[in-house]
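Enquirer: pasted the sequence and its predicted model underneath.
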Amino acid sequence: GELLQDQAGSGGGGEGFAVPRSGDGRVALIGFPSVGKSSLLSTLTTTQSEAAGYEFTTLTCIPGNIIYNDTRIQLLDLPGIIEGAAHGKGRGKEVIAVARTSDLVLIVLDAAKEGVDNHKMILERELETVGLRLNKRPPNITLTKKATGGVKFNATVPLTKLGDDPEKTVLQILKEFKLHNAEVLMREDCSTDELIDVINGNRKYVRCLYVYNKIDMIPLEDVETLARQPDSIVISVRQKLNLDYLLARMWDAMGLVRVYCKKRGCPPDLDEPVVLSAQRHGITIEAATQRISKELLVIFNYAEVWGTSAKHSPQRVGLQHKLHDEDVFQIVAQTNQQQKQDKGYSQRVQN
């Protein structure tokens, strides 16, 4: 009996790895050991992550916060990934799990050694293996599972990546995944991998920036070559080069929108923005109202918006209106008369 009880209670243990989410955006720093992730974290934030000039110094996940544009961005310094992380080597699995919950991934690379090491490709492959898709949009495929009726396949564009007979290819893939009754509609030219992503449905599409550190160690021509690559930023933590540009690019990539709520007859409160993210809950009035209070959502009548997203200021809008950065909005609740006509009104009042 004792043995059984012991077994049931085991599992877990070790250093805690899950980091409570704080702030308005979350950025994960990923890279091989000793490319300067910890130094970057302690330079950008006030957190001290243990840093040394050799491999494997950071062992658990260390969070730090930056305040940028009045928003708090949480930076996570993850332990160095080694090859084979997706298959459970090193602390790879936990590292990648944290990366899946972030709004932006910063892949930190060593500018001096990148030509030899080819870390960028290895890391991309590791992240792809566990279902992260970097800098890609979700494929425009609608897959509806049905109870009966076989497979119906339609495409609105010519398909070039699915072989000579696209329909046959799609049917074969669906058969592999034991989907015998489904409707598939393709609205763009997709590859087989993208179709499989949609079938699996557990893929996370996340923005990613490549940060080349230690550019003070390499000649200027090489720096220029690296800087011209897409989604790449060159920095030097030790010389404090280009860090402000890195922050600006991070802000753009995360797609955060700051909006300010105002009460009737008062100026807007510009100290405390409501920060919305296109990746998380969306940038609509509905998301903003939800952030302020859920009860407001129930008695929401309309909102007035000032700023670049409005056709004229103020514009009366509904819940689905998309806000732009630094818009001001005011929520107008329903009058008592309107509320009384609502279905669940008596129930709400009694509660």
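Expert: Right, received. Where do you want to start?
Enquirer: now Arg291: closest residue in space that isn't a chain neighbour?
Expert: In space, and not counting its chain neighbours, Arg291 is closest to Val274: 5.1 Å by Cβ to Cβ, 6 or more residues apart in numbering. Heads up, the C-betas are built off the backbone N, CA and C, glycines and all.
Enquirer: kindly indicate whether Leu247 is helix, strand or coil.
Expert: helix (DSSP: H, G, I helix; E, B strand; the rest coil).
Enquirer: can you report how many residues lie near it?
Expert: Using other Cβ atoms under 10 Å, Leu247 has 15 neighbouring residues.
Enquirer: how about Pro139?
Expert: Counted with other Cβ under 10 Å, the neighbours of Pro139 add up to 19.
Enquirer: wait, it sits on Ile199?
Expert: No - if you go by Cβ atoms under 8 Å, Pro139 and Ile199 don't touch, sitting 10.8 Å apart.
Enquirer: still on that earlier bit, the residue nearest to Arg291 and Leu162, how far apart?
Expert: 44 Å (Cβ to Cβ, to the nearest Å).
Enquirer: measure Leu75 to Phe32 for me?
Expert: Counting by Cβ to Cβ - Leu75 and Phe32 are separated by 18 Å.
Enquirer: no no, Thr156
Expert: Distance from Thr156 to Phe32, by Cβ to Cβ: 43 Å.
Enquirer: do a quick rundown of the strands in the stretch 101-250 of the chain.
Expert: Under the criterion DSSP state E, counting those that start in this stretch, the stretch 101-250 of the chain contains strands at 104-110, 132-134, 141-145, 151-155, 182-186, 204-213, 232-234.
Enquirer: could you check the angle the first one makes with strand 204-213?
Expert: Here strand 104-110 runs at 30 degrees with respect to strand 204-213, directions being taken by axes from the mean of the first three to the mean of the last three Cα atoms, to 10 degrees.
Enquirer: and strand 104-110, which strands flank it?
Expert: strand 25-31 (parallel), strand 204-213 (parallel) (DSSP bridges).
Enquirer: and of those strands, who's closest to Ala112?
Expert: Counting by Cβ to Cβ, Ala112 lies closest to strand 204-213 out of the strands paired with strand 104-110; the figure is 9.1 Å.
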